[in-house]
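Novice: Curious how this folds, go ahead:
(4 chains)
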Protein chains: 2
Amino acid sequence: MSVDEVAPHRRGRPPTLKDVASMAGVSIATASKALNNRQHVGAATRQRVQSAADALNFSPNALAQGMVAQRSGTVGLLTSDLVGRFSMPVLRGAEDAFGSEKMSVLLADARDDHIRQQHHLRALLSRRVDGLIVVGAQPDPRPSLGQDLGVPVVYAYAPSDDPQDMSVVADDVAGGRLAVDHLIRCGRRTIAHVTGDPTYGASHDRARGAVERLAEEGLTLAGGEVMYDSWSEAWGRGATRLLLDREPALDAVFAGSDQIARGVLDALLEAGKRVPEEVAVIGFDNWEVLATGSRPPLTTIDPALENLGRVAALRLASAIEGRAGHGVESYPCRLVTRSSTAPLH
Amino acid sequence: MSVDEVAPHRRGRPPTLKDVASMAGVSIATASKALNNRQHVGAATRQRVQSAADALNFSPNALAQGMVAQRSGTVGLLTSDLVGRFSMPVLRGAEDAFGSEKMSVLLADARDDHIRQQHHLRALLSRRVDGLIVVGAQPDPRPSLGQDLGVPVVYAYAPSDDPQDMSVVADDVAGGRLAVDHLIRCGRRTIAHVTGDPTYGASHDRARGAVERLAEEGLTLAGGEVMYDSWSEAWGRGATRLLLDREPALDAVFAGSDQIARGVLDALLEAGKRVPEEVAVIGFDNWEVLATGSRPPLTTIDPALENLGRVAALRLASAIEGRAGHGVESYPCRLVTRSSTAPLH
DNA sequence: TTGTATGCGTTATCAT
DNA sequence: ATGATAACGCATACAA
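Specialist: Here you go, the predicted structure:
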């Protein structure tokens, strides 16, 4: 091997371990050991290799590493709705939990289209992801991807309909309970619940938690029943007008979403009711732009979605290590106090 | 667990081309050609291989393919703020444009932290992404990643400060112009502009477009000047109160964001002004939850962010094919008409 | 301590 | 038309 054989790496292509090795004057095996802090490498040699790597700005080819390790070091994030507001924090939590380690995240947006989902699933599997997180668009159960994918899967936000799978979701029942609990602690007794689409399981869960907590105080819902309709400001306004007719003594409203809460707030203001002095209002979601812009700023229940994503990532990491889990795990919501609720003194 | 002597592939691991080949009774070379629709393969053989692949649910290892092709078939999506609302549609547009082809997207959220950004950049480069899309959190120029990354980069939403780089952004000047143009077409003459944080370049760009269009009609801004402050509903309300004092003849407001527009709307309503009969209001962003929930629903300028992401993906694809570009490309905004504006008859 | 050789799964180049 | 074989870049068991 002649001396001027030390060809600088092929034009354009990133330097390889071979380039580093030849620059340091060692074999690729030694170079590999040196860079990976394996033993059986002389201190001086290690130093030489390290310098060569730095000089070449060497970065190991993760694809090649993945081939030998039989692990790609990637996870797939399969979402059904990237445009929606709710999948986002989950996604961020997951990305955060993984990105800080040495896992990378492959993103795929299925857009709630079954064909696209299958397409993306094949693509992710073909890339040999070590695991999969599936984030739904709605909190309702969704069809399982199946058990024979060859990699562990964790469902986040929207649980799988197969109890064999592992899912992490927000505890809507506890959330509803928490909301009413807060209102009760504020001394309210005539509490109504205005919520959204009755086809959402979450609507009923939140309502159930609310009614349960009410019952513990010997109370029932003001207005006589849960008011379902749509997740909109318009419905919040409409429902409130109805409510003020039926229940003149109304002193609190639990809204099933922050959008609805905004409508409630506006209608209350328009009717000359002071918030929170006369009527307290609490929302659900902690959708910042809505909750902080309102008059007054909105007290609300935060479903802690980012945490959900983080937990999903943790569970998936465990499953990848071989410690798989199953069933649906519910995680608590958080009360965020702003100015639309206050003690009745 | 019974020992199956004919076990085609190692337990747990996905089937390989070798498994398919041996099942079809051919060499891996032939199997490869058959599955990739190469010529020099007998029709019958091709069929046998295909059946074997289907039976084994074979999916080629993209990592291995990447090794030989010297292309990973992935692009990196480096965002500085996954929580923000504006990077999201860009991201979705990009994912969409790529996902429909055979490119996969590696997501990395730097959280506006330089250290994290470097970390993620190294990780993406290590995964041998074929290209990079950098999505900023704010529309202002950001530091370039540099020219020596070895892969093409396209900056979206927030342009790079190096003109050598390629950036795609929304045309804020044209957006401002479009807003005022619409108001003028509605017959308005006394038009004010309430906008947000003056440290954002976008504020000034939108204002400039507005003033230019006004000047073409021989008009100037009602209130005498652009009203800068913050991107909040509260500022929208406050500014409107000031405005109603100063300009009793006010017949239109161009708000620099939908949040501000919401505040404007509320203050107008409170002052007894009818919208759009007496005063027309137009926003900016087309932030659905804000624009559709207001009273009345908000006419607004849509910066077409999803399109921006799509274009960025297209440009990156071109660059990967060798046709690189440079400079900042601006893309038009779109007028979305709802009920807060209408002709003055 | 260092180097040689093998394999990871696939594609492409050559023989046959 | 089909098959053996050499890459691709890296890690490791084994030999020196």
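
Novice: Quick one: neighbours of the closest residue to A:Arg38 other than its chain neighbours, just the number.
Specialist: Among residues not flanking A:Arg38 along the chain, A:Ser32 sits closest, at 7.6 Å (CB to CB, 6 or more residues apart in numbering or on different chains). Any C-beta I mention is one placed from the backbone N, CA and C, and that applies to glycine too. Neighbourhood size, A:Ser32 [other CB atoms under 10 Å in any protein chain shown]: 17.

Novice: any idea where the helices of the stretch 101-250 of chain A begin and end?
Specialist: A:114-126, A:172-185, A:201-216, A:233-246 (DSSP state H, counting those that start in this stretch).

Novice: Which residue ranges make up each domain of chain A?
Specialist: The record assigns chain A these domain ranges, following automatic domain parsing: A:3-66, A:74-170+A:305-331, A:172-303.

Novice: Average pLDDT for the last one, rounded please.
Specialist: The one in question is domain A:172-303. Domain A:172-303 carries an average pLDDT of 98.

Novice: neighbours around A:Gly146, how many?
Specialist: 12.

Novice: Check the gap between it and DNA strand C for me.
Specialist: Applying CB to the nearest atom of the strand, to the nearest Å, the value for A:Gly146 to DNA strand C is 21 Å.

Novice: Also A:Thr341?
Specialist: According to CB to the nearest atom of the strand, A:Thr341 and DNA strand C sit 59 Å apart.

Novice: Please apply the same query to A:Ile260.
Specialist: For A:Ile260 relative to DNA strand C (CB to the nearest atom of the strand), the value is 51 Å.

Novice: I'd say that residue and A:His193 touch.
Specialist: No - judged on CB atoms under 8 Å, A:Ile260 makes no contact with A:His193 at a distance of 10.1 Å.

Novice: which of the two has more neighbours?
Specialist: A:Ile260 (33 against 26).

Novice: mind listing what that one touches?
Specialist: A:Ile260 sits next to A:194-196, A:231-233, A:235-236, A:239, A:283 when contact means CB atoms under 8 Å, 6 or more residues apart in numbering or on different chains.

Novice: at 6 Å what do you get?
Specialist: A:194, A:236 (CB atoms under 6 Å, 6 or more residues apart in numbering or on different chains).

Novice: In three-state terms, label it for me.
Specialist: For A:Ile260, the secondary-structure state derived from DSSP: H, G, I helix; E, B strand; the rest coil is helix.

Novice: Give the helix, strand or coil label for the most centrally placed residue in chain A.
Specialist: Nearest to the mean C-alpha position of chain A, counting by CA atoms, centre = their mean, stands A:Val90 at 1.2 Å. What three-state DSSP gives for A:Val90 is helix.

Novice: ok, back up a step: can I get the helices of the stretch 101-250 of chain A in JSON lines with mean neighbour count?
Specialist: Formatted as JSON lines, these follow (neighbours: other CB atoms under 10 Å in any protein chain shown):
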{"stretch": "helix A:114-126", "mean neighbour count": "17"}
{"stretch": "helix A:172-185", "mean neighbour count": "22"}
{"stretch": "helix A:201-216", "mean neighbour count": "20"}
{"stretch": "helix A:233-246", "mean neighbour count": "20"}
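
Novice: so what's the closest residue to DNA strand D within the stretch 151-300 of chain A up against?
Specialist: Taking CB to the nearest atom of the strand, DNA strand D has its nearest neighbour within the stretch 151-300 of chain A at A:Val151, 20.7 Å off. Counting by CB under 6 Å, 6+ apart, A:Val151 touches A:131-132.

Novice: swap in the one 4 residues further on?
Specialist: Taking CB under 6 Å, 6+ apart as the contact definition, A:Tyr155 lies against A:134, A:165, A:167.

Novice: rewinding a little: figure out which of the helices of the stretch 101-250 of chain A is closest to DNA strand C.
Specialist: Checking the helices of the stretch 101-250 of chain A against DNA strand C by CB to the nearest atom of the strand gives helix A:114-126 as the closest, at 8.4 Å.

Novice: Quick check: buried residues in the helix or strand containing A:Gly263?
Specialist: Using DSSP states H and E, A:Gly263 sits in helix A:258-270. Buried residues in helix A:258-270, defined by neighbour count with 16 or more other CB atoms under 10 Å in any protein chain shown: A:258-269.

Novice: List just the nearest of those to B:Arg38.
Specialist: A:Gln259 (55.7 Å; CB to CB).

Novice: Can you give me the distance of that closest one to DNA strand C?
Specialist: Applying CB to the nearest atom of the strand to A:Gln259 and DNA strand C gives a distance of 48 Å.

Novice: Could you measure from that residue over to A:Leu132?
Specialist: 31 Å (CB to CB, to the nearest Å).

Novice: these two touch, right, A:Phe98 and A:Ala313?
Specialist: Yes - with contacts counted by CB atoms under 6 Å, A:Phe98 reaches A:Ala313, the gap being 5.3 Å.

Novice: of the two, who's got more company?
Specialist: A:Ala313 (29 against 25).

Novice: which ones are touching that one?
Specialist: A:94, A:97-98.

Novice: A:Glu233 too?
Specialist: For A:Glu233, the contact set (CB under 6 Å, 6+ apart) comprises A:259, A:262-263, B:293.

Novice: Pull the contacting residues for the residue lying closest to A:Ala234 once chain neighbours are set aside.
Specialist: Closest residue to A:Ala234 apart from its sequence neighbours, by CB to CB, 6+ apart: A:Gly263 at 6.3 Å. Shown in contact with A:Gly263 (CB under 6 Å, 6+ apart): A:233, A:236-237.

Novice: Could you do A:Leu244 as well?
Specialist: Residues in contact with A:Leu244, defined by CB under 6 Å, 6+ apart, are A:Ala271.

Novice: Please list the residues of chain A that sit near DNA strand D.
Specialist: Neighbours of DNA strand D within chain A, by CB under 7 Å from any atom of the strand: A:13, A:16-18, A:28-29, A:32-33, A:35-36, A:38, A:58, A:60-61, A:64-65, A:67-69.

Novice: Low-confidence ranges, the stretch 51-200 of chain A, go.
Specialist: In the predicted model, the stretch 51-200 of chain A carries no residue with pLDDT under 70.

Novice: can you tell me the residue of it closest to DNA strand C?
Specialist: For the stretch 51-200 of chain A and DNA strand C, the shortest gap (CB to the nearest atom of the strand) falls at A:Met67, measuring 3.6 Å.

Novice: Need the three-state assignment for A:Gly325.
Specialist: coil.

Novice: Apart from its chain neighbours, what residue comes closest to it?
Specialist: Excluding the flanking residues, the one nearest A:Gly325 by CB to CB, 6+ apart is A:Met166, at 4.7 Å.

Novice: quick one: contacts for A:Ser203?
Specialist: Counting by CB under 6 Å, 6+ apart, A:Ser203 touches A:195-196.

Novice: interface residues of chain A facing DNA strand C?
Specialist: Residues of chain A lying near DNA strand C (CB under 7 Å from any atom of the strand): A:25-30, A:33, A:39-42, A:44-46, A:64, A:67-68, A:70.

Novice: let's see it at 10 Å
Specialist: Listed as neighbours of DNA strand C in chain A under the rule CB under 10 Å from any atom of the strand: A:1, A:21, A:24-34, A:38-46, A:48-49, A:63-70, A:126, A:128.

Novice: Please indicate which of those residues are buried?
Specialist: Buried among these by 16+ other CB under 10 Å: A:21, A:24, A:26, A:30-34, A:41, A:45-46, A:48-49, A:63-67, A:126, A:128.

Novice: Which ones among the residues you listed map onto helices?
Specialist: Here DSSP state H is the test, and these give A:21, A:24, A:30-34, A:45-46, A:48-49, A:63-67, A:126 as lying in helices.

Novice: that older thread, quickly note the distance from the residue of the stretch 151-300 of chain A closest to DNA strand D to A:Leu82.
Specialist: Distance of A:Val151 to A:Leu82, given as CB to CB: 22 Å.

Novice: Same check on A:Gly175?
Specialist: Counting by CB to CB - A:Gly175 and A:Leu82 are separated by 24 Å.

Novice: ditto for A:Ser27
Specialist: Distance from A:Ser27 to A:Leu82, by CB to CB: 47 Å.
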